[in-house]
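Student: Kindly return the folded structure for what I paste below:
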Amino acid sequence: MAHRFSVREGDPVRFSLAAPYPLPQGLLTHTRTVFASSFGAFQETSPRVTGLNTLSLAVAHAPRAVPESAAAQLREDLRGPAIALNVDNALLCGPIAQSGPRLIVTDVDSTFIQQEVIEMLAAAAGTEEQVRAVTTRAMRGELDFAESLRERVAMLKGISETVFTDVARQIRLTDGAQSLVSTIHAHGGIFGLVSGGFHEVVDTFARPLNVDEILANRLTVHAGHLAGTTYGPIIDKAAKAAALTKWAERYGVPRTLTLAAGDGANDLGMMDAAGFSVAFCAKPIVLGHADAAITTPRLDALLALVGWDAQTPHRTVPTQRYVSQH
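Tutor: The predicted structure follows:
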């Protein structure tokens, strides 16, 4: 479930809106009125993210406490109308509302990239439809992820390892993915990717973007062909949560300044472990667990929701600080 929300006296608070079309005037008026009624005078900005219309209202110090019961109603009053109008929104409280996150961790398939890598690999084996059916059920939470991964990987047996290069060439990053990495770095933060997919493909597009941490599965290869198995720990829901916690400790980031985004049931553990969670174009089971939801398939919408202007993506290949390996 979404984290409990309350406001202590003196807490920073931020509420933001973002949409690829003009924000309805009625929604803007309502948002300003509700926010002012709870927090008085506020600072208003429009984070600069190309292609998005944005609004961000913030107070550096809440004039009074808003206990959990009242905060639940405040949250609904702010978020409800925006959700009804398909406007992405986020209500943040505490240090993250003032400075933004210091660690962002996202899922890869159908989040950081537009495709599902295992389905692309399966296309080479002629088993794409079978694999897609299992993936869909696993992401909905209907199947145990580890068991579903074993089942799908078995369908890849016999493919030439040259498939990794072929698939990597076809990867399409989600709009705003590069800007998300560049912007968290510009703010002195860390960006990590956790994937139920495979290092053999993820590394090819993540390293050039200066992604700080990568965790994914590894495929077994014998005599130049996929063996139909993985080796090392399977990156499931628990492993994703553990990775976020470990990276936060490594970089000295408080849990309250961590943010996780994903779309499937195997992302729920890290979303619960993070200080703030975002469902990205997500399955219904994920929407109910997230603190906020992005319905526009743009990762830079996340920047607007934490009150940041988007930075120009860097295309060079800087030195990696840490890359997790299995």
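Student: what are the ranges of the strands in the stretch 201-326 of the chain?
Tutor: Per DSSP state E, counting those that start in this stretch, the stretch 201-326 of the chain has strands spanning 213-222, 225-231, 258-262, 276-280, 292-294. These are given in chain order.
Student: who does the fourth one touch, helix- and strand-wise?
Tutor: Contact partners of strand 276-280 among helices and strands, from 3 or more C-beta pairs under 8 Å, 6 or more residues apart in numbering; DSSP states H and E: strand 88-93, strand 258-262, helix 268-273, strand 292-294, helix 301-305. For the C-beta atoms, the positions are set from N, CA and C on the backbone; glycine is no exception.
Student: Can you report how many residues lie near the closest residue to A36 other than its chain neighbours?
Tutor: The shortest distance from A36 to any non-neighbouring residue, by C-beta to C-beta, 6 or more residues apart in numbering, is to F42 (6.5 Å). Using other C-beta atoms under 10 Å, F42 has 17 other residues around it.
Student: For F42, give me phi and psi.
Tutor: The phi/psi pair for F42 (degrees, to the nearest 10) reads phi -140, psi 160.
Student: Tell me the spacing between it and L215.
Tutor: 39 Å (C-beta to C-beta, to the nearest Å).
Student: Distance check, the residue nearest to A36 against A97.
Tutor: Distance of F42 to A97, computed by C-beta to C-beta: 12 Å.
Student: next one: F191
Tutor: As judged by C-beta to C-beta, F191 and A97 stand 20 Å apart.
Student: Of those two, give the one with the bigger neighbour count.
Tutor: Set F191 next to A97 and count neighbours by other C-beta under 10 Å: A97 wins out with 26 against 23.
Student: contacting residues for that one?
Tutor: By C-beta atoms under 8 Å, 6 or more residues apart in numbering, the residues touching A97 are D11, P12, V13, R14, A58, G307.
Student: Check the burial of the second one by counting its neighbours.
Tutor: Applying the criterion other C-beta under 10 Å, we find 18 residues in the vicinity of P12.
Student: so where does the residue nearest to it when sequence neighbours are not counted fall, helix or strand?
Tutor: Excluding its sequence neighbours, the residue lying closest to P12 (C-beta to C-beta, 6+ apart) is Q98, at 3.7 Å. In the assignment (DSSP states H and E), Q98 maps to helix 95-99.
Student: burial of the residue nearest to P12, as a residue count?
Tutor: Quick note: Q98 (other C-beta under 10 Å) scores 17 neighbours.
Student: Got the phi and psi for V153?
Tutor: phi -60, psi -30.
Student: Shouldn't Q130 be within a strand?
Tutor: No: with DSSP: H, G, I helix; E, B strand; the rest coil as the criterion, Q130 is assigned helix and is not in a strand.
Student: List the buried residues in stretch 148-165.
Tutor: By neighbour count with 16 or more other C-beta atoms under 10 Å, stretch 148-165 contains the buried residues S148, L149, R152, V153, M155, L156, I159, V163, F164.
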